[in-house]
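When you get a sec, could you give me coordinates for this:
(one chain, ligands or ions: 1)
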Amino acid sequence: MHVHRYERLWIWIGTITMMVFFAVLLVVSFGQGLAAPNHVQTIDPAKISSTPPFDHPGLRKLSDGTYEAYYVGQVFSWNPQSITVPVGSTVHFYVTASDVVHGFLLPGTDVNLEVMPGWVSTATQHFDTPGEYLIVCNQYCGAGHQNMFAKVEVK
Ligand code: CUA
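Residues are numbered from 1 along each chain as shown. Have a look, this model is predicted:
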């Protein structure tokens, strides 16, 4: 079978490009340990209000400069509405939902979680810059979706 040389060239370009992408994927996932968020914790969405620590959502201090923040999403709000941490703090976020799928996004940071009933999504963020950080829901969850926000104050 005769394959035109330009056709052959494009087959090689496509094949090499795929091999490069695959090599990048291997280096990033195994070499740098980068992986999609894994949902290691589960929770019964019907029993959130009686399951510690989500029965009392909010901020917990682990040590100086290190905090855990537990959030519950429900149409159309986050609990807690607001947390305050000192500049230089590291916050481990644990987020779950009691009703439908929500999104937990802190614009300008690396925190961007899909929040599903039955699962606890986690992310860690270091806050070096003082200010008010908005938390918005970035998964359409119903008629009041645009009103679903909270804030992190860093001061
Ligand atoms: Cu919650 Cu959109």
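
ok, residues contacting the helix or strand of the chain with the lowest mean pLDDT?
In the chain, no helix or strand scores lower on mean pLDDT, DSSP states H and E than strand 41-42, which sits at a mean of 88. Residues outside strand 41-42 that contact it (C-beta atoms under 8 Å, 6 or more residues apart in numbering): 94, 118, 119, 120, 122. Glycine gets a C-beta too; all of them are placed from N, C-alpha and C.

any idea how far it is from the chain center?
Mean-position distance between strand 41-42 and its chain equals 15 Å (C-alpha atoms, centre = their mean, to the nearest Å).

ok, it: who's next to it in the sheet?
Sheet pairing of strand 41-42 (DSSP bridges) gives strand 119-127 (antiparallel).

quick one: buried residues of the partner strand?
By 16 or more other C-beta atoms under 10 Å, the buried positions in strand 119-127 come out as 119, 120, 121, 122, 123, 125, 127.

Show the contacting residues for the last one.
By that I understand residue 127. Here residue 127 is in contact with 85, 87, 88, 89, 90, 91, 133, 152, 154 (C-beta under 8 Å, 6+ apart).
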